[in-house]
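S.K.: Take this sequence and fold it.
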Amino acid sequence: MRVMLKATMETEKSNEAIRSGKLPELLQETIERLQPEAAYYGPEEGRRTCFLVFDMQDSSQLPPAAEPFFSQFNAEIEVFPVMNQDDLQKGLSQIR
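M.R.: You can find the predicted model right below:
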């Protein structure tokens with residue numbers, strides 16, 4: 001299932017990670033592990049936020065995807081299903 005992981009990082013923890021060089025390392029490790037089809041980064045409500053869209057084959061993939069953000073950045077995590085245009089069209093075609 002295609003999901004979006006949104007990680008909103010605590011400012012002070014992410015500031016420390018930038019100063020120490022750990023933020024780019026964690027993001028690179030996460031990209032290599034999850035192989036997202038899309039990754040976006042930007043501020044949301046004044047905090048550094050990461051949006052990753054990837055295929056979650058099994059719910060057991062959630063802890064290793066989210067835990068680095070929790071433990072390294074005190075991040076707030078949201079994971080929710082998302083669709084691309086093809087998925088939406090397929091789903092809408094099944095509504096009667």
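S.K.: Which residue ranges of this structure form strands?
M.R.: Taking DSSP state E to define them, one finds strands in the chain at 2-8, 38-44, 47-55, 76-81.
S.K.: can you redo the ones you listed as TSV with mean pLDDT?
M.R.: Converted to TSV, the strands of the chain look like this (pLDDT from 0 to 100):
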stretch	mean pLDDT
strand 2-8	98
strand 38-44	97
strand 47-55	97
strand 76-81	97
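S.K.: In stretch 62-75, which residues are buried?
M.R.: 65, 66, 68, 69, 72, 73, 75 (16 or more other Cβ atoms under 10 Å). The C-beta positions use only the backbone N, C-alpha and C, and glycine is treated the same way.
S.K.: picking that back up, quick one, which of the strands of the chain gets closest to residue 17.
M.R.: Nearest to residue 17 among these is strand 47-55 (9.4 Å), distances taken as Cβ to Cβ.
S.K.: What's the separation between residue 53 and residue 81?
M.R.: From residue 53 across to residue 81, the span is 11 Å (Cβ to Cβ, to the nearest Å).
S.K.: my bad, residue 21
M.R.: 34 Å.
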